[in-house]
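In: requesting a structural model of the entry that follows:
(chains A and B)
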Amino acid sequence: MSKVRVLVGTRKGAFVLTSDGARNDWSVSGPHFGGWEIYHLKGSPADPDRIYASQSSGWFGQVVQRSDDGGKSWQPVGNEFAYASVPGTHQWYDGTPHPWEFARVWHLEPSLDDPDVVYAGVEDAALFRTTDGGRSWQELAGLRTQETGPSWQPGAGGMCLHTILLDARRTGRMYAAISAAGAFRSDDGGESWRPINRGLRSRQIPDEEAEVGHCVHRIAGNPARPELLFMQKHWDVMRSDDGGESWREVSGDLPSDFGFPIDVHAHEPETVYVVPIKSDSEHYPPDGRLRVYRSRTGGGEWEPLTKGLPQDNCYVNVLRDAMAVDSLEGCGIYFGTTGGQVYASSDAGGTWSAIVRDLPAVLSVEVQTLP
Amino acid sequence: MIRVVLPPHLRVLARVEREVELELPAEATQRAVIDALEVRFPQLRGTIRDPATMRRRPFVRFFGCGEDLSHEDPDAPLPPAIVTGSEPYLVVGAMAGG
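Out: Numbering: from 1, shown residues only, chains lettered A, B, ... in the order given. Prediction:
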């Protein structure tokens, strides 16, 4: 029978939650790396027992951990993320130049076919890669040195590269998203990049339709339809049918189109999930009701999913990397909150229950579907 | 022999008990202590000093003999009591909560 392993990064450590394919009974392991911020953990598609974790602290900087046994034991690996060249400046919040400085790893994206190859998205925004299982990291500088780089600016959480998508069908194609610069695409394995933000509009920048400057919160897609992408922007839910060449808004009848995560059903490329948040300063659900919204039409028309979720006095947030799907037949959806709950649905969002409800604030959720 | 006391999170990372003992020359400096610590425990590289600038992280402090050594010249000789091991060299996480 299949198994599911949920990897949860929190403000104060990592947790590994496991269940069989029924997803009713869960065992919880952790905290691993207690007291440290775990921005992200992710397993290798090529070797599910190989897991990488980004561990950081305001006191002691960045550590990267690696497990070769599915999260039972861990070894620190390389943690030096040196920009490939003198990094220069980007824009600060007030538009003045600010030096590029490494702060932390936000996202780790293992290669689809080699467990020793991993991409790391960091703050200040840059893309790194290891080819030796995390022992050393080299910058793929073509993104940071892209001509628009000096005009990028941070979002409220810092100038982070938080999303890395690898196209399983088109060799060399990958996507990255940066707050608050926008979305970027490479067609040569990360060596060169260009902005793909046509169709985005952001009132927070002088030119609302500028080439860069958009606060993209998350991009997701289904590997079976790699040209079809969905984006949760600072405000607006967007859709692209051409690999990011152009975007159109599909916020439709959502109660708010501000939010952080977005994800796509494992077997239905037009079924999309978001968690509306009231506004960019009120980071909690509208009306104190935690609702996941699902569109089965690729956006535009959305339905609230509430069964099993708190529907009064709920003022948590769901951060951008804190939603994931499994690939079992009845697609499982998982998300974690800043209140420490991890909710799961084993019926594509119809009903929800908390796997755990009292963890530290959840920063990230990833799911592994195991044989 | 110099006795180094690490903060709890770095003891976990280095997988050591409370104190670490390092053999250093008689004219040992703070820089030499951290260098030796990072050689013996490579997983501590980057956690006490920024790996790019090699400067002490802002939220890390160095104490010894009841004094704050954080802002002393890293190449100045350590107090004799630390060099002989009668007093420990303390690596401390700043009292910043969080």
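
In: where does the prediction get shaky in the stretch 1-150 of chain A?
Out: Within the stretch 1-150 of chain A, no range satisfies pLDDT under 70.

In: tell me the bridge partners for the residue nearest in space to the middle of chain A.
Out: What sits nearest the mean C-alpha location of chain A, by CA atoms, centre = their mean, is residue A:321, with 3.3 Å. Legend: beta-bridge partners of residue A:321 under DSSP bridges are residue A:364.

In: OK, contacts around it?
Out: Counting by CB atoms under 8 Å, 6 or more residues apart in numbering or on different chains, residue A:321 makes contact with A:9, A:39, A:40, A:106, A:107, A:162, A:218, A:261, A:363, A:364, A:365. (Glycine included, C-beta is placed from N, CA and C.)

In: distance check, it against chain B.
Out: Counting by CB to the nearest CB, to the nearest Å, the separation of residue A:321 from chain B is 21 Å.

In: for residue A:323, same thing?
Out: 26 Å.

In: mind listing what the spatially closest residue to that residue that is not a sequence neighbour touches?
Out: Closest residue to residue A:323 apart from its sequence neighbours, by CB to CB, 6 or more residues apart in numbering or on different chains: residue A:261 at 3.7 Å. Taking CB under 8 Å, 6+ apart, we find residue A:261 in contact with A:217-218, A:232, A:273-275, A:318-323, A:335.

In: any idea which helix is longest in chain B?
Out: helix B:30-40 (DSSP state H).

In: just checking, what packs against that helix?
Out: When contacts are defined as 3 or more CB pairs under 8 Å, 6 or more residues apart in numbering or on different chains; DSSP states H and E, helix B:30-40 packs onto strand B:2-5, strand B:19-22.

In: quick one, strands of chain B?
Out: With strands called from DSSP state E, chain B shows them at B:2-5, B:19-22, B:60-64, B:67-68, B:89-93.

In: so which of these gets nearest chain A?
Out: Chain A lies closest to strand B:89-93 among these, at 4.5 Å (CB to the nearest CB).

In: not counting residues beside it along the chain, what's closest to residue B:36?
Out: Residue nearest to residue B:36 in three dimensions, not counting chain neighbours: residue B:22, with 4.8 Å by CB to CB, 6+ apart.

In: near chain A, which residues of chain B show up?
Out: When proximity is defined as CB under 8 Å from any CB of the partner chain, chain B approaches chain A at B:7-10, B:13, B:43, B:45-48, B:50-52, B:57, B:59-60, B:93-94, B:96, B:98.

In: picking up where we left off before, CSV for the contacts of residue A:321, including distance to residue A:347 and secondary structure?
Out: Below are the contacts of residue A:321 laid out as CSV (distance: CB to CB, whole Å; DSSP: H, G, I helix; E, B strand; the rest coil):
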residue, distance to residue A:347, secondary structure
A:9, 26, strand
A:39, 30, strand
A:40, 27, strand
A:106, 31, strand
A:107, 28, strand
A:162, 29, strand
A:218, 23, strand
A:261, 19, coil
A:363, 26, strand
A:364, 23, strand
A:365, 18, strand
